[in-house]
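1. Would you be able to build a 3D model of this:
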Amino acid sequence: MADLRLFIAVELSREVRELLAAVQRDLAAGGADVKWSAPENIHLTLKFLGDTPEAEVTKLSAALDEAAAGCSAHVARLSEVGAFPDARRPRTIWVGLDEPTGQLAALQKSVERVTGYLVPPDPRGFTPHLTLGRTRSGRNVRQLSAMLDGYRLTTLLEVPVAEVLLIRSVLGRGGPAYTTLHRSPLGG
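-> So this is what the prediction gives:
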C-alpha cells in the first residue's frame, strides 16, 4: 500500500471562507509576491501528519473518534490578522482564532495524544490560525508588512468546532486537492 499525505483539521463555514477571501483581496492589493490559499481549501489544521501508510487510516480514524468523543463541541472566534514569524518579516500570512475557554487547545492536545505514535508533537506548540498565504519573495514585502500592521477585521465571525476531519492532500500544479477520509464528531 502507498503512503497518503494526511492532516487533521476543522472545516470552516462558507461565511468564514468568504470573509477570509475578502481579507486576501485587501492584502493582495499591496502587490506582494504571495501564493494565496484557495479560500475553499482554508481550514484549521490541528495536526499535520505528512506521508502516512494507507494501512494506518482505519486505526487513525478510530483513534480520532476516541479523541473527539472526549471533547465538547464549542465555538472559536476570528481574531487578528498576522504573520509568522512576524509582521515585519511575513512568511505565512494568517487570521488567528480566539477560544478563551481552552476547549480548542484541549481538542488539539487530544489529537496530538492519539497521533503521537505516527508524528511527535510540534515543539513550537499550537497556535490556532487559518493560513491565508505564503510569501514567495521579498517583492513589496514592506507594503504587506504595513498593511498587516494596521489591518483589523471588521467582523469577528464565529467558527463552530463540532467535528474533526482526517483529510488527504494530493499536491498538484494547480495547488493541493483535499479529500475528507473520515469525520469524527465531538462529544458533549
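2. mind checking the end-to-end distance for stretch 136-154?
-> 28 Å (C-alpha to C-alpha, to the nearest Å).
3. pLDDT averaged over it - what is it?
-> Per-residue pLDDT over stretch 136-154 has a mean of 93.
4. Roughly how far does Thr92 sit from Gly133?
-> As judged by C-beta to C-beta, to the nearest Å, Thr92 and Gly133 stand 8 Å apart. Yep, even glycine has a C-beta here, placed from its N, CA and C like the rest.
5. These two: which has the busier surroundings?
-> The neighbour comparison of Thr92 against Gly133 (other C-beta atoms under 10 Å) goes to Gly133, with 21 against 15.
6. Tell me the strands beside the top strand by length along the chain, with direction?
-> Longest strand of the chain, by residue count under DSSP state E: strand 74-86. Sheet pairing of strand 74-86 (DSSP bridges) gives strand 89-98 (antiparallel), strand 158-161 (antiparallel).
7. can you give me the strands for this structure?
-> Taking DSSP E as the test, the strands found in the chain are 3-10, 34-36, 44-53, 74-86, 89-98, 129-135, 158-161, 163-170, 177-185.
8. In JSON lines: those, plus distance to Leu27.
-> Formatted as JSON lines, the strands of the chain follow (distance: least, C-beta to C-beta, whole Å):
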{"stretch": "strand 3-10", "distance to Leu27": "23"}
{"stretch": "strand 34-36", "distance to Leu27": "7"}
{"stretch": "strand 44-53", "distance to Leu27": "19"}
{"stretch": "strand 74-86", "distance to Leu27": "8"}
{"stretch": "strand 89-98", "distance to Leu27": "7"}
{"stretch": "strand 129-135", "distance to Leu27": "7"}
{"stretch": "strand 158-161", "distance to Leu27": "20"}
{"stretch": "strand 163-170", "distance to Leu27": "24"}
{"stretch": "strand 177-185", "distance to Leu27": "23"}
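9. Brilliant, that's me finished.
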